[in-house]
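Asker: could you work out the structure for the sequence below:
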Amino acid sequence: MSAKIRDALRASIDQQVADFVDASCAVIQAGVTANDALSQAVNRSALDRIAQLEQKIKELESALAEKQSASEDDKYALTKAKLVRLMKDMGYFNG
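Answerer: Down below sits the predicted model:
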């Protein structure tokens, strides 16, 4: 009920009823604002948690990429090119 309608009907009702209506409207309004505040807090908390998880995902992805690049370029891995270079250095290969 809007305030305009309440004020228009106030003269035709008992004062106790008017006080009850005013108190009911105040409780309803307080409940609405409390629910809004609670939902905003929950949304803010969820967004903060999502941001933390996204940051953790980025950290793990970069750590995984570093680990993969380190294992791909292992200096002790014997590849064909490294074997040919070693044989040339030792004098076994003249190609």
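Asker: same for the worst-scoring helix or strand of the chain on mean pLDDT, what does it pack against?
Answerer: One helix or strand of the chain scores below all others by mean pLDDT, DSSP states H and E: helix 3-9, with a mean of 74. Packing partners of helix 3-9 (3 or more CB pairs under 8 Å, 6 or more residues apart in numbering; DSSP states H and E): helix 15-72. To be clear about C-beta, it is placed using only N, CA and C from the backbone, and glycine gets the same treatment.
Asker: buried ones in stretch 31-40?
Answerer: Using 16 or more other CB atoms under 10 Å as the test for burial, stretch 31-40 gives no buried residues.
Asker: tell me how far stretch 3-17 lies from the chain's centre.
Answerer: Distance of stretch 3-17 from the chain centroid (CA atoms, centre = their mean, to the nearest Å) equals 48 Å.
Asker: quick check: buried residues in that stretch?
Answerer: Under 16+ other CB under 10 Å, stretch 3-17 has no buried positions.
Asker: need the CA coordinates for it. CSV is fine.
Answerer: Taking C-alpha atoms only, stretch 3-17 is exported to CSV below (Å, rounded to 0.1, in the frame of the first residue of the first chain):
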residue,chain,number,x,y,z
ALA,A,3,1.9,6.2,1.5
LYS,A,4,-0.6,8.3,-0.5
ILE,A,5,-3.4,5.8,0.0
ARG,A,6,-2.5,5.3,3.7
ASP,A,7,-2.6,9.0,4.3
ALA,A,8,-6.0,9.3,2.5
LEU,A,9,-7.6,6.5,4.5
ARG,A,10,-6.0,7.5,7.9
ALA,A,11,-8.9,9.8,8.8
SER,A,12,-11.5,7.0,8.4
ILE,A,13,-9.8,4.5,10.7
ASP,A,14,-9.0,4.1,14.3
GLN,A,15,-5.6,5.4,15.6
GLN,A,16,-4.5,1.9,16.8
VAL,A,17,-5.2,0.5,13.3
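Asker: contact partners of that stretch?
Answerer: 18, 21-22, 25 (CB atoms under 8 Å, 6 or more residues apart in numbering).
Asker: what is the nearest of the residues you listed to D89?
Answerer: Lowest distance from D89 to those (CB to CB) belongs to C25, with 92.0 Å.
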